[in-house]
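Peer 1: Below: sequence and its predicted model.
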Amino acid sequence: MTAKRDRPLSAIEVRSAAGDPRRGWLTADGWTVPVALGRGGILANKREGDGGTPRGIFHPRQL
């Protein structure tokens, strides 16, 4: 039997914290942890060097 920690996650969500675009929350499989975001917050139009965290849906193959 596969341990719960060894199973793939169905979804990972990162969202901004209220009042501070540089802080946020990562939620995955019932866990929520605080995270640091880029100085520009979460940006839909991300460019290299802008200090932002990219907005989107990403499918990591391995972490």
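Peer 2: Structure's in. What do you need?
Peer 1: Can you tell me the closest non-neighbouring residue to the residue positioned nearest the centre of the chain?
Peer 2: Nearest to the centroid of the C-alpha atoms of the chain, with distances taken as CA atoms, centre = their mean, sits residue 14, at 3.3 Å. Excluding its sequence neighbours, the residue lying closest to residue 14 (CB to CB, 6 or more residues apart in numbering) is residue 26, at 5.0 Å. (C-beta placed from N, C-alpha, C; glycine too.)
Peer 1: who's that neighbour bridged to?
Peer 2: residue 14, residue 33 (DSSP bridges).
Peer 1: so what pLDDT did it get?
Peer 2: pLDDT recorded at residue 26 is 91.
Peer 1: Tell me who's in contact with it.
Peer 2: The contact partners of residue 26, by CB atoms under 8 Å, 6 or more residues apart in numbering, come to 12-14, 32-35.
Peer 1: The residue nearest to the centre of the chain and residue 59: what is the separation?
Peer 2: Distance of residue 14 to residue 59, given as CB to CB, to the nearest Å: 14 Å.
Peer 1: returning to what we had before: the contacts of residue 26: which two are farthest apart?
Peer 2: Taking CB to CB as the measure, the contacts of residue 26 span a maximum distance of 14.6 Å, between 12 and 34.
Peer 1: And those two? Which one has more around it.
Peer 2: Comparing residue 12 with residue 34 by other CB atoms under 10 Å, the one with more neighbours is residue 12, at 15 against 9.
Peer 1: I'd like the distance from the more buried one to residue 19, if you could.
Peer 2: 23 Å.
Peer 1: Repeat that for residue 46.
Peer 2: Computed with CB to CB, the distance linking residue 46 and residue 19 is 22 Å.
Peer 1: ok, the two, which is more surrounded?
Peer 2: Higher neighbour count among residue 46 and residue 19: residue 46, with 15 against 6, using other CB under 10 Å.
Peer 1: who are the neighbours in contact with the spatially closest residue to that one that is not a sequence neighbour?
Peer 2: Among residues not flanking residue 46 along the chain, residue 54 sits closest, at 4.1 Å (CB to CB, 6+ apart). Listed by CB under 8 Å, 6+ apart, the contact partners of residue 54 are 42-43, 46.
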